[in-house]
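Colleague: for reference, the sequence and a predicted model appear below.
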Amino acid sequence: MVCNICAKNQATVHLTEIIDDQITELHLCEECAQKKGAQMESHFGLSDLLAGLADLGTQFSKTKTEAVKLKCSKCGLTYEDFKKVGRLGCGECYNAFKEALAPLLKRIHGSTQHYGKSPKKVAKVVKAKNDLEALKEKLQKAIQKEDFEEAAKLRDKIREEEKKNNK
């Protein structure tokens, strides 16, 4: 399929817009998509989308006025600036805005934990390690709830997994 704009290159980006049950499809090559992306961001505003999502049912413990005061100690970006720009300033911003970002990331990605791709050889080891960590977290929660029967089961499961991993 060729690009709808330049009609020269192979389309690699496919956009579908649905407005009032009207479907419009746009097929773009990478070069035209980059140009169109800049136009779309200025028109629709990625920052507006993120700001809207960030304000949707904020569930973090700080009030909105406290959230406005959040500031990254490394780059100086404020939470309000993040909402306007739609981009974080540095890696430390994730820690500075952790409470505010967690619900936003959960809504956008479905999880606050990143599980990326890994080589097939390593995947089993990484999965086992992640499963073990998840079991340990469940154990801690069971202990906090004083559900000692569940904690004992989880403890035994953890020991079993550790034995398997050490072989």
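Modeller: Done, it's in.
Colleague: now do the strands in this protein.
Modeller: For the chain, the strands defined by DSSP state E cover 13-19, 22-28.
Colleague: and the last one, what does it pack onto?
Modeller: Counting by 3 or more Cβ pairs under 8 Å, 6 or more residues apart in numbering; DSSP states H and E, the packing neighbours recorded for strand 22-28 are strand 13-19. For the C-beta atoms, the positions are set from N, CA and C on the backbone; glycine is no exception.
Colleague: what about the strand it packs on, distance to the chain center?
Modeller: Put simply, strand 13-19 sits 22 Å off its chain's centre (Cα atoms, centre = their mean, to the nearest Å).
Colleague: for that strand, give me every contacting residue.
Modeller: Contact with strand 13-19 is made by 23, 24, 25, 26, 27, 28, 29, 30, 33, as judged by Cβ atoms under 8 Å, 6 or more residues apart in numbering.
Colleague: direction included, what does it pair against?
Modeller: Strand pairing for strand 13-19, determined by DSSP bridges: strand 22-28 (antiparallel).
Colleague: residues in contact with the strand it pairs with?
Modeller: Residues contacting strand 22-28 (Cβ under 8 Å, 6+ apart): 1-5, 11-18, 36.
Colleague: what's the answer for stretch 133-149, then?
Modeller: With contact meaning Cβ under 8 Å, 6+ apart, stretch 133-149 is reached by 150, 151, 154, 155, 157, 158, 161.
Colleague: buried only: go through the residues you listed for me.
Modeller: Burial by neighbour count, 16 or more other Cβ atoms under 10 Å: within these this picks out 151, 154, 155, 158, 161.
Colleague: can you name the two of those residues that sit furthest apart?
Modeller: Using Cβ to Cβ, the buried ones among the contacts of stretch 133-149 span at most 15.4 Å, a distance reached by 151 and 161.
Colleague: okay, now the domains of the protein?
Modeller: Domains of the chain are assigned by automatic domain parsing as 1-44, 45-114, 120-166.
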